[in-house]
Structure formats: structure tokens, C-alpha cells
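**Q** sequence? don't have it. structure:
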């Protein structure tokens, strides 16, 4: 099984990488579809992401079977969400993490690989504007620790022999290290019965760890999110976001890291190397915290985190009231940054 990062496709033509052969043998592929499928012209100037229908051929050529929709751009085009969801299912894709109501969004999905049943659950962190589904409106499966862990335990209880992979959309953009609360939650997910935790959202590759022998990849970055196209050409990321990671994983064999390089100049996506995941010097560099206790990691994270400008640290997923206060602050900060951006001051201030 292959895990790819964020995919958003702004053009009518199929992306060129679909014409090449991936560096792995044919097997199921799981991606984070960052933005809904849109059937008409989508204005680039809006602060929204989307996928043109031309992406579907590329996904099929890569044998993509599972699409996680639990992200902060799933509801950027709410008037097209229902049609997009139906279209994806009719095209043969399995979608997880979003739905027309909270019950559908929270459902696990299943595929089969070589006779083995594999289940997926996906969750989106509301703090980063993942719009949660309710009983009356569509949206994503909210990343709330209690319900998340309960759903994993319930699934493990029903499917004692199956493989369970968890797909959380979390952390701040461009942060390379996990929030202490998210690291705790990943460990708890493994203890509740998950076999792997594969994270998205920061748009850069993060570190990895193994807990009880189970893989945790905190962020696998982008896979295909062209720079200089969305947001009226303003959406660009730091250079480190051009390093892309595909993880080849199965629970009974060593995992592999397949490295790609994206070029903003010509939008090329080139395979660089493939290596055993645990041998990767690049991943070891990003995983300097591996093996620390949770209290030790809090200290380590404060000293080493990347995103520092007026952003709170989430240091305990069980601190419900404290995290709600942090959530409100982050939301107000985001509104302030949007106002600064519209005024042209955000870039001048370096925020």
C-alpha cells in the first residue's frame, strides 16, 4: 500500500506525472485530496483549493483507491460538494473522512489487498479550519480525541484481524514537528488498535516514529499542489515543501520511502530515490525527537519548533478547556491575518 500527500490540481490538462511509471509495483494508493472536485471554472483568486476533473485519470493511472477528504479545503466549494462526492464514488474511488452529515463523515471504509482487509478512518482538526459535519450539514469528521479513540476501539473490536490505518489532518502549516498533543494522540491511537497513523496538512515532510512497532508518520507533505497557480498565483511554499515523500507500507514488511522533487519553475515532479524508511538520513534528521517521553518532548518541541509567531503550543490532548481557549485564539489570529493580507500588510510584516 502506498500513501501519498496532498493533491490539488488547478488545470484542465491531466498532470504530466500521470504519464510516467511510479517507482513501486502495482498496489493500492491512498491520497489526501486537498480540495473538492469542481465541475466548472473555479476562480484562482479565491483563497480556496480544488481539483479539476482531469485529475481523475491521473489518480486511476496511479491505482489510487482511497481518497481522504478530511481536510481544511474539503468544503471550500460547498455548493459542489455533494455532486463531487457522488462523482468520486461513481468513478470507483473510496472516500473517507467527509460526508453529507456527521454519521457519513465518521464511517470507516474498507479495501482489500492480497486477501487482507484494510480499514481507514480519517479526521480533520477544526483548529485549522476543517469544517466539521453535523447531523444537518456536510463536512469532515472532526478530530476530537475522545470520539476518535472510541471509533478506533470500536473498529478494532469488530475487526480483530484487519489492518487499521488512521489519516489525521493536523498541525500548523509548514511545522516540521508534531504538536505534543498530536504526538500523544498518535500514540493513543496505536494503543487503541490502529496499525499506522499517516498525517497530512503541514505541506512539508515531518518526522516518523514507531510505537509498539507501529508506524507513525506525522506529515508526508504535498504530492501535487502546484505553486504559483492557486490564490491568484500567490500560493507558494518554502523550498522544503518541494521535497515530496511517498510511503510504501504494509504491517508485515519493512516500509519504503520514495522521494520526489517538485520544481515550481516548470511544475515537474521527478522521482529522486527509494530507500528503506528506517535507513533514510533525511527522515532521521526530521525525527530527532523519536523515543522521547511525552514530558521530554514538550521541552524539546519548545526549543525546536518552526512556527513560533503568535501561535500557541498544544501540549496535552486531554486539556479540553485549555485547548478550546487556544482554538479561539488561533481563529482570531487567522481572521486578523486575513485582514492584514487584504490590506497588503501581511507580507510586509513577514507573517
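**A** Noted; the coordinates are in hand. It should be emphasised that the depicted structure is a prediction, and the values quoted were computed from it without experimental measurement.

**Q** Could you list the low-pLDDT ranges of this structure?
**A** Scanning the chain with the threshold set as pLDDT under 70 gives 40-46, 340-351.

**Q** Let's check: the centremost residue of it is which one?
**A** Nearest to the mean C-alpha position of the chain, by CA atoms, centre = their mean, lies residue 200 at 2.1 Å.

**Q** Tell me how many other residues crowd the residue nearest to that one when sequence neighbours are not counted.
**A** What sits nearest to residue 200 in space, not counting adjacent residues and going by CB to CB, 6 or more residues apart in numbering, is residue 32, at 4.3 Å. For the C-beta atoms, the positions are set from N, CA and C on the backbone; glycine is no exception. Residue 32 has 30 neighbours, counted by other CB atoms under 10 Å.

**Q** contacting residues around residue 32?
**A** 4-7, 67-68, 71, 167, 169, 200 (CB atoms under 8 Å, 6 or more residues apart in numbering).

**Q** Show me what the longest strand seen in the chain is packed against.
**A** Assignment by DSSP state E gives strand 253-263 as the longest strand of the chain. Strand 253-263 sits against strand 222-224, strand 243-250, strand 268-276, helix 281-286, with contacts defined as 3 or more CB pairs under 8 Å, 6 or more residues apart in numbering; DSSP states H and E.

**Q** got CSV for those, with mean neighbour count and distance to residue 140 too?
**A** Formatted as CSV, the helices and strands packed on strand 253-263 follow (neighbours: other CB atoms under 10 Å; distance: least, CB to CB, whole Å):
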stretch, mean neighbour count, distance to residue 140
strand 222-224, 25, 19
strand 243-250, 22, 22
strand 268-276, 13, 27
helix 281-286, 14, 27
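
**Q** Could you say which one of the ones you listed comes nearest to residue 330?
**A** strand 222-224 (22.2 Å; CB to CB).

**Q** got the buried residues for stretch 189-198?
**A** For stretch 189-198, the neighbour count (16 or more other CB atoms under 10 Å) marks 189-190, 192-198 as buried.

**Q** Which of the residues you listed fall in strands?
**A** Per DSSP E, those map to strands at 196-198.

**Q** Just the closest of those residues to residue 323, please.
**A** residue 197 (19.3 Å).

**Q** surely the closest one meets residue 169?
**A** No. Using CB atoms under 8 Å, residue 197 is not in contact with residue 169, being 11.9 Å away.

**Q** Buried among the contacts of residue 32? Make that a PyMOL selection.
**A** In PyMOL, a selection of the buried entries from the contacts of residue 32 looks like this (16+ other CB under 10 Å):
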select buried, resi 4+5+6+7+67+68+71+167+169+200
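
**Q** from the contacts of residue 32, which is closest to residue 329?
**A** residue 169 (20.1 Å).

**Q** quick one, what contacts the closest one?
**A** For residue 169, the contact set (CB under 8 Å, 6+ apart) comprises 32, 68, 70-72, 97, 122-125, 128, 130, 140, 143, 199-201.

**Q** how is the protein carved up into domains?
**A** 2-304, 319-351 (automatic domain parsing).

**Q** before we move on, the earlier item: now render the ones in strands among the buried residues of stretch 189-198 as JSON lines, adding distance to residue 329.
**A** Below are those laid out as JSON lines (distance: CB to CB, whole Å):
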{"residue": "196", "distance to residue 329": "32"}
{"residue": "197", "distance to residue 329": "27"}
{"residue": "198", "distance to residue 329": "28"}
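
**Q** any chance you could map the strands in the stretch 51-200 of the chain?
**A** Here the stretch 51-200 of the chain has its strands, by DSSP state E, counting those that start in this stretch, at 64-68, 94-96, 98-99, 109-113, 116-124, 139-140, 163-169, 196-198.

**Q** For residue 145, which non-adjacent residue is closest in space?
**A** residue 317 (4.7 Å).

**Q** so who does that neighbour touch?
**A** With CB under 8 Å, 6+ apart, residue 317 has these contacts: 145, 181-182, 184-185, 188, 323.

**Q** And residue 70, by the same measure?
**A** Applying CB under 8 Å, 6+ apart to residue 70 gives the contacts 96-98, 105, 122-124, 130, 140-141, 143, 167-169.

**Q** one more time with 7 Å
**A** Counting by CB atoms under 7 Å, 6 or more residues apart in numbering, residue 70 touches 97-98, 122-124, 130, 140-141, 167, 169.
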